[in-house]
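Asker: Take this sequence and fold it.
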Amino acid sequence: MARKIPATVITGFLGAGKTSLIRRLIEQAGGRRLGFIINEFGDLGIDRGIIEGCGLAACDADAIKELANGCICCTVADDFLPTMEALLDRPAPPEHIIIETSGLALPKPLVQAFNWPTMKARVTVDGVVAVVDGAAVGAGRFADDPAAIAAQRAADPSLDHDNPLAEVFDDQLACADLVVVNKMDLVAAADRPALLAAIGARLRPSVKQVATQDGRLPLAVALGLGAAAEDDLAARPSHHEIDGEHDHDDFDSFVLRFGGVADPDQLTERLGALVVAHDILRIKGFVAVDGAERRCVIQGVGARFERYFDRAWRTDEPRDSALVVIGLKGLDQTAIRRAMAT
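Answerer: This is a model prediction of the structure:
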């Protein structure tokens with residue numbers, strides 16, 4: 001029997017660092033043929049563009065498939081399975097497939113799809129890797145304890161919402177074979193043991209945690225787990241199975257488009273002010289900086305932003321800026337667009 005192609009599912013909440021982790025893995029590919037399925041939230045291909053912009057041979061544009069028609073766990077039959085078959089049927093199929101889910105995806109329905117007859121004999125889930133924003137979790141953003149939620153309410157207005165994010169977070173951890181606690185450089189050293197202990201209490205026995213910053217993880221740690229997760233579904237509980245629903249209607253997203261930027265520091269300050277004023281969860285995209293020959297990537301989680309230049313602008317693309325803005329339902333797009341235009 002031919003060896004099954006391993007696939008790694010990388011899951012995690014918005015802005016946890018999934019795409020950064022994938023870029024780090026690509027840098028270590030060493031000639032290995034990788035295939036990618038990227039499930040975006042929003043209608044601008046930011047994550048695909050970031051991966052393509054790494055400039056390495058492992059970033060074969062034809063082997064990067066984007067699913068932008070909705071959450072991957074809800075479009076398995078219509079989108080995911082045909083996309084997987086297209087990758088597997090290539091003349092030189094990938095040696096390993098990396099699947100980045102949207103921040104809202106439940107991993108278990110995706111893992112179940114690997115038991116479909118068209119998949120079962122050809123591919124296996126090498127492992128589910130859950131990426132966690134350590135700084136956010138350390139701030140109690142996903143606390144289940146009502147007392148902890150009350151203590152955070154004054155500092156985090158989103159806690160006033162009946163927020164399903166805690167259940168999504170639980171499902172991602174419950175399905176994981178490895179948990180990457182990212183952005184640990186933003187967590188005080190004295191607070192790290194308690195943070196890791198709190199996350200560890202949510203995990204299945206034998207599931208390990210790795211503390212990182214900027215998604216820096218050895219490829220040998222993330223790939224080659226050999227979990228065959230599709231054969232181990234009963235051990236991976238899910239709120240979705242208990243509640244019978246997975247509601248994405250609690251979120252809005254839209255794209256801000258504008259021209260070149262003379263001062264990226266000023267832009268970041270303005271975006272930070274918008275995040276505070278409108279309770280924005282996530283901002284990510286590309287910016288054209290006046291006088292710069294390379295494209296600038298902006299990634300924002302809450303009020304924290306990072307920027308870097310990834311690749312030169314192509315001659316066939318306009319040098320414009322585009323940012324995806326993601327927030328809870330009721331995001332005031334008009335006010336945000338007006339503030340960016342002034």
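Asker: Going by C-alpha atoms from here, please, whenever you check contacts or count neighbours.
Answerer: Fine.
Asker: In a strand, Arg307, correct?
Answerer: Yes - judged by DSSP: H, G, I helix; E, B strand; the rest coil, Arg307 forms part of a strand.
Asker: I'd say it and Cys296 touch.
Answerer: Yes - in this structure Arg307 lies within contact range of Cys296 using Cα atoms under 8 Å: 6.7 Å.
Asker: Would you mind telling me which of those two has more residues around it?
Answerer: Between Arg307 and Cys296, counted using other Cα atoms under 10 Å, Cys296 has the larger neighbour count: 20 against 17.
Asker: quick one: contacts of the longest helix along the chain?
Answerer: In the chain, taking DSSP state H as the definition, the longest helix is helix 264-278. Under the criterion Cα atoms under 8 Å, 6 or more residues apart in numbering, residues 261, 280-281, 289, 302-305, 331-332, 336, 339-340 lie in contact with helix 264-278.
Asker: next structured bit after it?
Answerer: Following helix 264-278 in sequence order, the next helix or strand is strand 280-287 (DSSP states H and E).
Asker: by how many degrees do that following strand and helix 264-278 diverge?
Answerer: 160 degrees (axes from the mean of the first three to the mean of the last three Cα atoms, to 10 degrees).
Asker: Can you tell me the strand partners of strand 280-287 and which way each runs?
Answerer: Applying DSSP bridges, strand 280-287 is found paired with strand 294-301 (antiparallel), strand 321-328 (antiparallel).
Asker: what's the offset of that strand from the middle of its chain?
Answerer: Taking Cα atoms, centre = their mean, to the nearest Å, one finds the center of strand 280-287 at 13 Å from the center of the full chain.
Asker: ok, which stretches of this structure are strands?
Answerer: 5-12, 34-39, 64-67, 96-100, 123-133, 178-182, 208-211, 251-258, 280-287, 294-301, 304-312, 321-328 (DSSP state E).
Asker: Save those as CSV, and put in distance to Gly272 too.
Answerer: Putting the strands of the chain into CSV (distance: least, Cα to Cα, whole Å) gives the following:
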stretch, distance to Gly272
strand 5-12, 23
strand 34-39, 26
strand 64-67, 29
strand 96-100, 26
strand 123-133, 18
strand 178-182, 21
strand 208-211, 27
strand 251-258, 15
strand 280-287, 9
strand 294-301, 8
strand 304-312, 8
strand 321-328, 12
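Asker: weakest of those strands by average pLDDT?
Answerer: Of all those, mean pLDDT reaches its minimum on strand 64-67 (a mean of 60).
Asker: what's stretch 9-18 in contact with?
Answerer: By Cα under 8 Å, 6+ apart, the list of residues contacting stretch 9-18 reads 98-105, 107, 125, 127-133, 169, 172, 182, 214-215, 281-282, 299-301.
Asker: ok, now with 6 Å
Answerer: Here stretch 9-18 makes contact (Cα atoms under 6 Å, 6 or more residues apart in numbering) with Ile99, Glu100, Thr101, Gly103, Val128, Val129, Ala130, Val131, Val132, Asp133, Val301.
Asker: Select, from these, the two members most distant in space.
Answerer: Farthest-apart pair in the contacts of stretch 9-18 is Val128 and Val301; separation 22.9 Å (Cα to Cα).
Asker: Tell me which of the two has more neighbours.
Answerer: Val128 (29 against 21).
Asker: Wait, the more buried one touches Asp177, no?
Answerer: Yes - Val128 is within contact range of Asp177, at 5.2 Å (criterion: Cα atoms under 6 Å).
Asker: Ile298 contacts Lys284, correct?
Answerer: Yes - with contact defined as Cα under 6 Å, Ile298 reaches Lys284; the gap is 5.5 Å.
Asker: Which of these two has more residues huddled nearby?
Answerer: Set Ile298 next to Lys284 and count neighbours by other Cα under 10 Å: Lys284 wins out with 23 against 20.
Asker: quick one on the thing from earlier: tell me which of the contacts of stretch 9-18 is nearest to Val111?
Answerer: Val128 (8.6 Å).
Asker: partners of the closest one in the sheet?
Answerer: Val9.
Asker: Outline the domain layout of this structure.
Answerer: 5-243, 251-341 (automatic domain parsing).
Asker: and the ones you listed, which is most packed in?
Answerer: Burial among the domains of the chain, expressed as mean neighbours by mean count of other Cα atoms under 10 Å, is greatest for domain 5-243, which shows a mean of 18.
Asker: roughly how far is that domain from the heart of the chain?
Answerer: The answer for domain 5-243 is 6 Å, by Cα atoms, centre = their mean.
Asker: ok, which stretches of the chain are helices?
Answerer: Going by DSSP H, the chain shows helices at 18-27, 46-52, 81-88, 107-112, 117-120, 134-138, 146-152, 165-174, 192-200, 219-222, 239-243, 264-278, 333-341.
Asker: Identify the residues contacting the fifth one?
Answerer: Put plainly, it is helix 117-120. By Cα under 6 Å, 6+ apart, helix 117-120 touches Phe114.
Asker: and if we set it to 10 Å?
Answerer: Lys4, Leu81, Pro82, Met84, Glu85, Leu88, Ala113, Phe114, Glu230 (Cα atoms under 10 Å, 6 or more residues apart in numbering).
Asker: Check the last one too.
Answerer: With contact meaning Cα under 10 Å, 6+ apart, helix 333-341 is reached by 252-258, 267, 270-271, 273-275, 277-278, 325.
Asker: one step back: lowest average confidence across the domains of the chain, which one?
Answerer: domain 5-243 (a mean of 77).
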